[in-house]
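[1] Provided below are the primary sequence and the corresponding predicted coordinates.
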Amino acid sequence: MKIDDHVLAPYIRIAGYAARPPFFLGERNLLDYIIFFAQEGLFEIEVNGRLHKLKEGDLCLLQPGDIHTIKGLTPTNNPYIHLDFFYNPNRESSFVTYPGQLDMTPYSAYMQPRLHDCDAFRIPFLLETAHPGKMRELVIRMIDCWQQQTYLGVMEAHQLAYEWIMALFKQYMRPQPSMLAQQPFLNWIESYFAFHISEPINVSDMAKKAGLSPSRFTVLFKQHFSTTPYQYLLKKRIEYAQELLREGLSLQKTSEYCGFTDVHHFSKTFRAITGMNPGYYKKNLDPR
């Protein structure tokens, strides 16, 4: 699973507080996620054959497809939230499973993607986050807002769920190559071209602004834009020229405003990029 293939859109199905004497919830499978907060008491939760012991204050996450049992060893209180993390058009038809429901194949259309199946994450059952108090507080606030069952209450609950999930992702998401490769000079290059489009622009000036050698700048530029700085600049100039021609400017003025040395050079470049000469473009596409 690739995280990019799914839209993050939290949807809380049910949320509340389960205050119970010692209990046992039989084996079941899941279609969605459960945020489980052991607020009071001691628990044993077996997930896919592995036993976990929970004490007061522990926060854990059950994922879709997790076959599990839950046992309260003492009188307990556990705030819980059943929710989807990712958008599914069938989400309102999905449901919370009951003990004994193990084969969920007939309901595969409702099954949420598992974070465990994504290479970018390794999220444990028992969560250990940098700010556990904040994560627990968000759970309580989510539940309280959702239980209001007003439009604003549910909307705020989903917003809090998004905040909770993003905090979880920041804790457990592995660094992504595209993030590591991003270069700071790319933040200003578009505005630089737009501001200087009628002036002579050379790679040395851009490389100096980026704090790089011209050769290194060119390599990184090509990695990001899949073309050279020169070809990219020509493309931007012709795009601007098309805009000016549509506004009725002459070929001579358009050539000057777009940084070409003469009309002949402008016409040759325009034809090479667009497949037509600028005079024909102006005559046939001028909105006046």
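    Structure's in. What do you need? Residues are numbered from 1 along each chain as shown.
[2] which secondary structure element contains residue 18?
    strand 8-20 (DSSP states H and E).
[3] Tabulate the CA atom coordinates of that strand in CSV.
    Extracted C-alpha coordinates of strand 8-20, given in CSV (Å, rounded to 0.1, in the frame of the first residue of the first chain):
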residue,chain,number,x,y,z
LEU,A,8,-6.8,11.1,4.6
ALA,A,9,-10.4,11.9,5.7
PRO,A,10,-11.2,10.9,9.3
TYR,A,11,-14.7,9.7,9.8
ILE,A,12,-15.8,8.7,13.4
ARG,A,13,-18.3,5.9,13.3
ILE,A,14,-19.0,5.6,17.1
ALA,A,15,-17.2,7.0,20.2
GLY,A,16,-17.9,6.7,23.9
TYR,A,17,-16.8,5.6,27.4
ALA,A,18,-17.1,1.9,28.4
ALA,A,19,-17.3,1.6,32.2
ARG,A,20,-17.6,-2.1,33.1
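[4] can you give me the helices in the stretch 51-200 of the chain?
    132-148, 151-172, 177-181, 189-195 (DSSP state H, counting those that start in this stretch).
[5] and the helix or strand following the strand holding residue 18, which strands flank it?
    Counting by DSSP H and E, the next helix or strand C-terminal to strand 8-20 is strand 23-28. In its sheet, strand 23-28 lies beside strand 68-72 (antiparallel), with partners assigned from DSSP bridges.
[6] can you pull the buried residues of the strand holding residue 18?
    Neighbour counts over strand 8-20 (16 or more other Cβ atoms under 10 Å) mark 10-13, 15 as buried. Quick note: C-beta positions are derived from backbone N, CA and C, even for glycine.
[7] so which of these would you say is closest to residue 60?
    Among the buried residues of strand 8-20, residue 15 lies closest to residue 60 (Cβ to Cβ), at 15.6 Å.
[8] For the stretch 51-200 of the chain, give me the ranges with low pLDDT.
    Along the stretch 51-200 of the chain, the parts satisfying pLDDT under 70 run over 175-186.
[9] Could you rerun that using 50?
    Along the stretch 51-200 of the chain, segments meeting pLDDT under 50 span 179-181.
[10] can you list the residues that contact stretch 108-118?
    1-3, 6, 31-33, 63-65, 84-86, 88, 90-91, 93-95, 104, 121-123 (Cβ atoms under 8 Å, 6 or more residues apart in numbering).
[11] same deal with stretch 81-94?
    6-15, 31-35, 96, 107, 109-110, 112-113, 115, 139, 142-143, 146, 161, 165.
[12] Of those, just the buried ones, PyMOL syntax please.
    Buried subset of the contacts of stretch 81-94, written as a PyMOL selection, criterion 16+ other Cβ under 10 Å:
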select buried, resi 10+11+12+13+15+31+32+33+34+35+107+110+112+113+115+139+142+143+146+161+165
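[13] Any idea which of the helices of the stretch 51-200 of the chain gets closest to residue 71?
    helix 132-148 (21.0 Å).
[14] Now that closest one: buried residues?
    Buried residues in helix 132-148, counting neighbours by 16+ other Cβ under 10 Å, are found at 135-136, 138-139, 141-146.
[15] Repeat that for stretch 99-119.
    For stretch 99-119, by 16+ other Cβ under 10 Å, it's 101, 104, 107, 110-116, 118.
[16] for the residues you listed, which one is nearest residue 49?
    Using Cβ to Cβ, these come closest to residue 49 at residue 116, 14.6 Å.
[17] Please report how far that closest one lies from residue 172.
    Using Cβ to Cβ, to the nearest Å, we find residue 116 at a distance of 11 Å from residue 172.
[18] okay, and the common contacts of those two?
    Joint contacts of residue 116 and residue 172 (Cβ under 8 Å, 6+ apart) are 122-123.
[19] Now do the same contact list for residue 131.
    Taking Cβ under 8 Å, 6+ apart as the definition, contacts of residue 131 comprise residue 167.
[20] now do the one 4 residues further on
    By Cβ under 8 Å, 6+ apart, residue 135 lies in contact with 59, 127, 129, 164, 167-168.
[21] same question, residue 25
    69-71, 99 are the contacts of residue 25 under Cβ under 8 Å, 6+ apart.
[22] For residue 260, state which of the residues you listed is nearest.
    residue 70 (72.4 Å).
[23] just checking, the closest one touches residue 45?
    Yes. With contacts counted by Cβ atoms under 8 Å, residue 70 reaches residue 45, the gap being 5.2 Å.
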